[in-house]
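Q: Next comes the sequence, and after it the predicted model I'd like to discuss.
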Amino acid sequence: MPPNSNLKFDNDDIRIIGPETPLIKKVEEKEVIKISLLQHKYIKQLILLYIIFFIWVMSTFLYGVIIPNMLVDYVTFKFPSLNYDDQQSKAAYYKSYSDALPNLTMFLFGPLIGVLSDRYGRKKILYLSIFCSIMDMASCFISMYTHNLAYYYVFHTLGGIYVALQPAVFSYIADIFDEDYVPILYSFAGAALGIGVVVGPLIFVFISSLGSQFIPLYVTAGLMSLCFIGIPFLPESLEIAKENNRIQETISTFNPFKLIYNLLKSSGYIFWVVLIFASINYTGQDLINDYYLFASLLYGWGPTENGYYLAALGTTIIIWGAFIIPLMLKYISQRRVITYGYCCSLLAHVMFVFAGIKVKYNFVIFLVGSIFVGFVPNNMNIIQAVISGCTPANLQGSVLTGANAIAGLANFVGSIAANDILMYFSSPDAPIFFPPAIFLINGVVVLITLISTILIWRAYKNPPTTKSLKEQQEKLDYEKTIN
């Protein structure tokens, strides 16, 4: 039959295809029965993934409490003539680079890791991330033993690749669960993060009383090693996605920057959302990482008090991630949740400014403001859910890891800027003693980002989704075959 014929053979009968008869029959969509999340086929794998993520977070935050103490001990050993404030200031100077350099590594190598994740699977990236974390901790042990920070800085910088674990976890979830489940599952990942934040510092408070400064590091490395035990029991999500026809083909290039550039160029919406994600990572540095020096300077808190504070902060992260945000997602869109998240971040910055002013009970304002800080890491997860929801299924790892790489650059700049501003306004050289200056400056950035976010949502009222992108690609592939 000629390709342009208006005759169609159907059950050995010939009928005319009229103007109302489509040349391509639309496949009747089967009725989709949405099952409960607890009854999902891969719920056991999800629980195991959350346990691995929780242990990783717990170990990471426990390690995060160890590092400031290690740097203070180093400064005390190397510069015994400095007074207490100068020692804290110098330790903060070293910590600014300790926070920043791993993010630079993630920016440089994150996109390549994302491509490898999409090409060879998520489990290999989980193994790589855990290995880099353990290598980082080993270098810290050597530096503590020798009083030489060179070992720590080199391997801590290279170990920045461990940040790729979170996008690998999120890509794993996106591979095996439908789009409707992804936002709430990312929010539950925030709750797992919160549990890790609570338990890690509490473990430090307990084991730090045992005497040896090396015991917390032994425990941290041992907990991180437990992740290796769980990973082999996870099936490769990339293979599951292919079996379920969520991914038809793997990516054909190993040039991650070209891949991400083409995707961002083709979708202005993804480009702007990634910038929003970078902004919240930049402004989140002061709230999450600089509390230690801030509280030490203004309230005289030591490692124990800061450990308890971090555990309390983890509790707020759990409440937001496990209860409040999932409830919000039932009634409002992800994008509105993100907007409210920025409002909470702005409120936290304002309260931290007042918490830095020498007024009665200013530490109470600091603690109340921390309740809203708990929304910030959860908001990062919801933004990643939005990015995942408008990314082709075969590029989840590349785009999510690439977004985290760009966020890594924001973290790199934010870490140095936050610490330097805090140190300057805490030093005698500053025109006024005003440690909360960093919260004031970043609060302005948060306000600008909040306004920009609202404008972006209004400009893109119907953004692309993973499902629509898949249908569009299938249509293009069909047109190629008939032409």
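A: That came through, no problem.

Q: Let me see the contact set for the residue nearest to Pro183 when sequence neighbours are not counted.
A: Of all residues not flanking Pro183 in the chain, Ala385 sits nearest, at 4.3 Å (Cβ to Cβ, 6 or more residues apart in numbering). All C-beta atoms are positioned from the backbone trio N, CA, C, and that covers glycine. Residues in contact with Ala385 (Cβ atoms under 8 Å, 6 or more residues apart in numbering) are Phe170, Val182, Pro183, Tyr186, Ser187, Gln334.

Q: likewise Ser345?
A: Ile280, Thr283, Gly284, Leu287, Phe372, Val373, Phe375, Val376, Asn379, Val446.

Q: Quick check: which element contains it?
A: For Ser345, the host element (DSSP states H and E) is helix 334-355.

Q: Okay, and the nearest residue to Phe204 once chain neighbours are set aside sits in which element?
A: Once flanking residues are discounted, Phe204 sits nearest to Val65: 4.7 Å by Cβ to Cβ, 6+ apart. Taking DSSP H and E as the criterion, Val65 maps to helix 43-78.

Q: on contacts alone, who are the packing partners of that helix?
A: Secondary-structure packing of helix 43-78 (3 or more Cβ pairs under 8 Å, 6 or more residues apart in numbering; DSSP states H and E): helix 84-120, helix 122-146, helix 149-158, helix 165-176, helix 182-207, helix 215-230, helix 303-319.

Q: what's the closest of the ones you listed to Pro431?
A: Nearest to Pro431 among those is helix 84-120; the distance by Cβ to Cβ comes to 17.0 Å.

Q: Pull the distance from the helix holding Val65 to the chain's centre.
A: Chain-centre distance of helix 43-78: 15 Å, with Cα atoms, centre = their mean, to the nearest Å.

Q: what about Gln437, how many neighbours?
A: Rather than Gln, residue 437 is Ala. 19 (other Cβ atoms under 10 Å).

Q: Quick check: it touching Phe425?
A: Yes: Ala437 lies in contact with Phe425 (Cβ atoms under 8 Å); the separation is 4.3 Å.

Q: I figured Tyr424 hits Ala430, correct?
A: Yes: at 5.6 Å, Tyr424 and Ala430 qualify as touching, with contact defined as Cβ under 8 Å.

Q: Assign the spatially closest residue to Asn394 that is not a sequence neighbour to one of the three secondary structure states.
A: Computed as Cβ to Cβ, 6+ apart, the closest residue to Asn394 that is not its neighbour in sequence is Ile247, at 4.7 Å. When classified by DSSP: H, G, I helix; E, B strand; the rest coil, Ile247 comes out as coil.

Q: how close does Ile247 get to Gly402?
A: Plainly put, Ile247 is 18 Å away from Gly402 if you go by Cβ to Cβ, to the nearest Å.

Q: Those two: which has the busier surroundings?
A: Neighbour count, other Cβ under 10 Å: between Ile247 and Gly402, Gly402 has more, with 29 against 21.

Q: Validate this expectation: the more buried one resides in a helix.
A: Yes: under three-state DSSP, Gly402 sits within a helix.

Q: I'd say it and Pro111 touch.
A: Yes: using Cβ under 8 Å, Gly402 is in contact with Pro111, at 4.7 Å.

Q: so where's the stretch 301-450 of the chain uncertain?
A: For the stretch 301-450 of the chain, the stretches with pLDDT under 70 are 359.

Q: let's see it at 80
A: Regions of the stretch 301-450 of the chain meeting the criterion pLDDT under 80 cover residues 302-304, 306-307, 358-361, 419, 427-428.

Q: nearest to Gly268, of the helices and strands packed on helix 43-78?
A: Comparing the helices and strands packed on helix 43-78 by Cβ to Cβ, helix 84-120 comes nearest, at 19.6 Å.

Q: if I pick the nearest residue in space to Ile371 that is not next to it in sequence, what's in contact with it?
A: Closest residue to Ile371 apart from its sequence neighbours, by Cβ to Cβ, 6+ apart: Thr316 at 5.3 Å. When contacts are counted by Cβ under 8 Å, 6+ apart, Thr316 touches Gly194, Ser370, Ile371, Val373, Gly374.

Q: what's the pLDDT at the first one?
A: Read that as Gly194. Among the per-residue scores, Gly194 holds a pLDDT of 87.

Q: do you know how far the residue nearest to Leu101 when sequence neighbours are not counted is from Leu149?
A: Spatially, and ignoring its direct neighbours in sequence, Leu101 is nearest to Thr157 (4.2 Å; Cβ to Cβ, 6+ apart). As judged by Cβ to Cβ, Thr157 and Leu149 stand 12 Å apart.

Q: got a list of what the closest residue to Phe366 other than its chain neighbours touches?
A: Using Cβ to Cβ, 6+ apart and skipping residues adjacent in sequence, the residue nearest Phe366 is Ala355, 3.6 Å away. Neighbouring residues of Ala355 by Cβ under 8 Å, 6+ apart: Leu298, Asn362, Phe363, Ile365, Phe366, Gly369, Pro436.

Q: So the fourth one belongs to a helix, correct?
A: Yes: counting by three-state DSSP, Ile365 is part of a helix.

Q: shouldn't it be in contact with Met351?
A: Yes: Ile365 is within contact range of Met351, at 5.4 Å (criterion: Cβ under 8 Å).
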